[in-house]
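Q: Whatever this is, show me its structure:
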Amino acid sequence: MAEYRDITYTSKDGLALYARDYPGPGPGAPVVLCMHGLTRNSADFAGLAPHLARHFRVLVADQRGRGRSEYDSNPVNYHPGTYIEDMFRLLDVEAVGRALLVGTSMGGLMALLMAATDPDRFAGLVLNDIGPEVDPAGLARIKTYVGKAQPVSDWAGAVAQCRALNSDAFPDFTERQWSDFAGALFREVDGRPVLAYDPAIAEPMAATDDNAVPPDLWPVFDSIRHLPMLLLRGIHSDILAPDCVAQMQRRKPDLVFAEIPHRGHAPTLDESASRLAIDRFLAAL
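A: As a prediction, this is how the structure comes out:
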């Protein structure tokens with residue numbers, strides 16, 4: 001029996017979208033909504049979600065154009081404003097009145113925007129390697145490969161491609177971890193691994209950085225600084241700069257912060273340091 005059930009729901013503009021639902025300890029359990037990064041999908045939380053499901057119902061979404069969610073024929077819709085509409089739709093369809101948000105990278109930007117849109121609906125946020133400012137160096141790096149990766153012919157090639165693009169972020173990964181990483185990022189189509197995202201997600205970002213990172217999120221952050229918040233940072237991150245972390249701490253003195261060793265952008269949330277920080281934060285809520 002699967003540890004999660006499949007949810008298929010329809011966006012306001014008619015796309016078939018997908019999410020995993022880990023039911024947790026039973027009816028009435030508090031809800032956690034997990035949101036992945038730019039090129040990723042719900043498989044990124046395959047380790048964390050069952051861990052959290054001991055105490056929470058956990059929803060893990062595939063954003064449009066990723067994983068098992070339908071690709072959008074209009075790439076203009078691949079931006080955070082549309083994604084957060086989809087997430088509110090998921091919460092409404094599943095009759096979730098209040099939730100905790102866990103967001104990695106782009107998912108963390110979405111968490112900030114969602115909480116600012118309806119702060120009473122969210123009990124707290126876990127931001128994984130993201131803040132109101134995105135380091136231009138990291139954004140430039142991401143733009144060099146999103147939607148531009150060469151096809152691979154087999155799983156060994158998929159693993160090699162993942163390692164080539166991400167070895168700086170995960171210097172201590174084992175062969176098994178690289179295999180799992182590729183297994184989450186690729187899906188098999190006609191016997192060959194294919195990236196599990198629409199290459200067209202790169203088009204709006206190529207047109208303007210504002211489509212990847214909404215401009216000036218400090219007012220958004222300030223508007224929700226009363227909400228409990230945990231910030232995780234990979235110690236070698238090129239997306240979340242130390243100066244941004246320091247500014248967040250100045251503006252929100254009760255911000256809970258943990259730096260994750262041996263990680264760049266972004267921690268997998270399966271690290272012992274990440275799990276300890278998340279468990280302590282959620283227990284305190």
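
Q: Tell me which stretches of the stretch 101-250 of the chain form strands.
A: 122-128, 186-189, 192-195, 229-234 (DSSP state E, counting those that start in this stretch).

Q: Need the contact partners of the longest one.
A: Translated: strand 122-128. With contacts defined as C-beta atoms under 8 Å, 6 or more residues apart in numbering, strand 122-128 is touched by 30, 98-105, 107-108, 111-112, 114-115, 224, 227-232, 266-267, 269, 274, 278, 281-282, 285. Bear in mind the C-beta positions are built from the backbone N, C-alpha and C, glycine included.

Q: just the angle between that strand and strand 229-234, please?
A: Calculated by axes from the mean of the first three to the mean of the last three C-alpha atoms, to 10 degrees, strand 122-128 forms an angle of 10 degrees with strand 229-234.

Q: partner strands of strand 122-128, parallel or antiparallel?
A: strand 99-104 (parallel), strand 229-234 (parallel) (DSSP bridges).

Q: Take those strands and write them to CSV, including distance to residue 164, mean pLDDT and mean neighbour count.
A: As requested, those are exported to CSV (distance: least, C-beta to C-beta, whole Å; pLDDT from 0 to 100; neighbours: other C-beta atoms under 10 Å):
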stretch, distance to residue 164, mean pLDDT, mean neighbour count
strand 99-104, 21, 98, 26
strand 229-234, 18, 98, 25
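
Q: And the helix-or-strand element of the chain with minimal mean pLDDT, what does it pack against?
A: None of the helices or strands of the chain scores lower by mean pLDDT, DSSP states H and E than helix 202-207, at a mean of 82. On a contact count with 3 or more C-beta pairs under 8 Å, 6 or more residues apart in numbering; DSSP states H and E, helix 202-207 meets helix 136-143.

Q: Flag every buried residue along the helix it packs on.
A: 138, 141-142 (16 or more other C-beta atoms under 10 Å).

Q: Tell me, please, where in the stretch 51-200 of the chain the pLDDT is lower than the cut-off.
A: Within the stretch 51-200 of the chain, no range satisfies pLDDT under 70.

Q: all helices for it, in order.
A: 80-93, 106-117, 136-143, 155-166, 175-185 (DSSP state H, counting those that start in this stretch).

Q: Return the set of buried residues in the first one.
A: Counting neighbours by 16+ other C-beta under 10 Å, one finds that the buried residues in helix 80-93 are 80, 82-87, 89-91.

Q: what does the fourth one give?
A: Within helix 155-166, the residues scored as buried using 16+ other C-beta under 10 Å are 157-159, 161-162, 165-166.

Q: my guess is residue 72 meets residue 14, correct?
A: No: using C-beta atoms under 8 Å as the test, residue 72 is too far from residue 14 to be in contact (10.1 Å).

Q: Might you report the residue contacts of residue 8?
A: Contacts of residue 8 (C-beta under 8 Å, 6+ apart): 16-18.

Q: Could you give the backbone dihedrals for residue 225?
A: Main-chain torsions, residue 225, degrees, to the nearest 10: phi -70, psi -10.

Q: ok, now how distant is the closest residue to it other than its chain neighbours from residue 201?
A: Nearest residue to residue 225, sequence neighbours excluded (C-beta to C-beta, 6 or more residues apart in numbering): residue 252, at 4.3 Å. Distance of residue 252 to residue 201, computed by C-beta to C-beta, to the nearest Å: 31 Å.

Q: So for these two, which residue has more residues nearby?
A: residue 201 (25 against 18; other C-beta atoms under 10 Å).

Q: nearest to residue 46, of the strands paired with strand 122-128?
A: Residue 46 sits nearest to strand 99-104 of all those, at 13.2 Å, using C-beta to C-beta.

Q: Check the offset of the least confident helix or strand of the chain from the chain's centre.
A: Taking C-alpha atoms, centre = their mean, to the nearest Å, one finds helix 202-207 lying 19 Å from the centre of the chain it belongs to.

Q: Not counting its own residues, what contacts it?
A: Contacts of helix 202-207 (C-beta under 8 Å, 6+ apart): 75-76, 78-79, 143, 146-148, 211-212.

Q: Keeping just the C-alphas, turn it into PDB.
A: Output in PDB follows, covering the C-alpha atoms of helix 202-207 (Å, rounded to 0.1, in the frame of the first residue of the first chain):
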ATOM      1  CA  ALA A 202      13.000  28.800 -18.700                       C
ATOM      2  CA  GLU A 203      11.400  31.100 -21.200                       C
ATOM      3  CA  PRO A 204       9.800  33.700 -18.800                       C
ATOM      4  CA  MET A 205      13.000  33.700 -16.700                       C
ATOM      5  CA  ALA A 206      15.100  34.400 -19.800                       C
ATOM      6  CA  ALA A 207      12.900  37.300 -20.700                       C
END
